[in-house]
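[1] next one to model:
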Amino acid sequence: MSHDSKAWKLFKLTSGSGAAPHIWGAAVEAQIGRLRAARDDLISYRYTRPHVGPIEPSARLEYEAHFLLVAIRNVVRIAEAIAKLHDSEELAWAIGDFRANFPHAANLRDYAEHFDAYQLGEGKHQKPATGKDSQVPENSRLWLTWWGADDPRTARLTASLGDRQIDLEEAAEGAITLAHAAHQAWLEGWQEAAWAEGDATAQPE
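    Residues are numbered from 1 along each chain as shown. As a prediction, this is how the structure comes out:
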């Protein structure tokens with residue numbers, strides 16, 4: 001198999017640790033479960049002094065949300081990389097649908113990975129707007145919301161940065177669907193390219 005071939009590039013793209021779409025889809029599924037569990041534990045949590053034992057649910061809620069945002073963005077990243085190598089209408093539609101429904105997923109992930117800059121008002125999206133990206137106020141921070149319903153356990157888990165908001169549960173479901181589409185496109189593209197390369201090699205001179 002030629003190292004310049006489409007089949008090799010598709011294989012190489014997903015062969016490293018943490019690179020395949022099904023891995024990040026599974027990560028998203030695990031993270032949204034952990035986030036919901038932290039929310040439920042926080043609702044029933046009662047602080048006692050001195051504090052001993054596991055980390056407080058409020059801390060868990062925050063770091064699980066950060067990890068979820070990163071996992072969602074990585075689903076999109078690998079899906080876009082596969083789409084560049086294999087022309088799949090289904091994958092192109094899935095990417096477009098995710099972008100349309102969750103346009104701020106990447107922006108909020110940027111905060112999750114560079115929270116130190118945002119805390120000081122120096123984040124990428126706090127700087128003067130360039131191109132299509134709009135600016136958020138310099139004092140913008142990532143806020144998690146998990147209340148607003150009669151039963152807090154049924155309230156939607158949302159994250160916001162300035163005026164940019166994302167429903168974490170809906171975004172997780174969308175990312176899992178996108179991961180499935182990306183994996184299917186990768187499999188189809190790899191098989192198609194491998195068979196085509198095999199047929200070409202078998203042709204008599």
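
[2] how about the strands in this structure?
    Using DSSP state E, the strands of the chain run over 142-145, 158-161, 164-167.

[3] what about the last one, average pLDDT?
    Right, the one you point to is strand 164-167. Mean per-residue pLDDT for strand 164-167: 88.

[4] partner strands of it, parallel or antiparallel?
    Strand 164-167 sits in its sheet next to strand 158-161 (antiparallel), going by DSSP bridges.

[5] mind checking which of the strands of the chain is nearest Asp87?
    Each of the strands of the chain has some distance to Asp87 by Cβ to Cβ; the shortest is strand 164-167, at 29.1 Å. Using the backbone N, CA and C atoms, a C-beta is placed for each residue, glycine as well.

[6] other residues contacting the closest one?
    Defining contact as Cβ atoms under 8 Å, 6 or more residues apart in numbering, one finds that strand 164-167 is touched by 102, 104-105, 107-108, 125, 136, 156-160.

[7] mind doing that once more with 6 Å?
    Strand 164-167 is contacted from outside by 102, 104-105, 107-108, 156, 158-159, using Cβ atoms under 6 Å, 6 or more residues apart in numbering.

[8] so which of those residues comes closest to Ala65?
    The closest of these to Ala65 turns out to be Ala159 (Cβ to Cβ; 6.0 Å).

[9] so for this structure, which residue is the most central one in space?
    Ile72 (0.9 Å; Cα atoms, centre = their mean).

[10] helices or strands next to the lengthiest helix in the chain in the packing?
    Across the chain, the helix with the greatest residue count (assigned by DSSP state H) is helix 168-202. The contact analysis (3 or more Cβ pairs under 6 Å, 6 or more residues apart in numbering; DSSP states H and E) places helix 168-202 against helix 6-15, helix 21-44, helix 57-85, helix 89-101.
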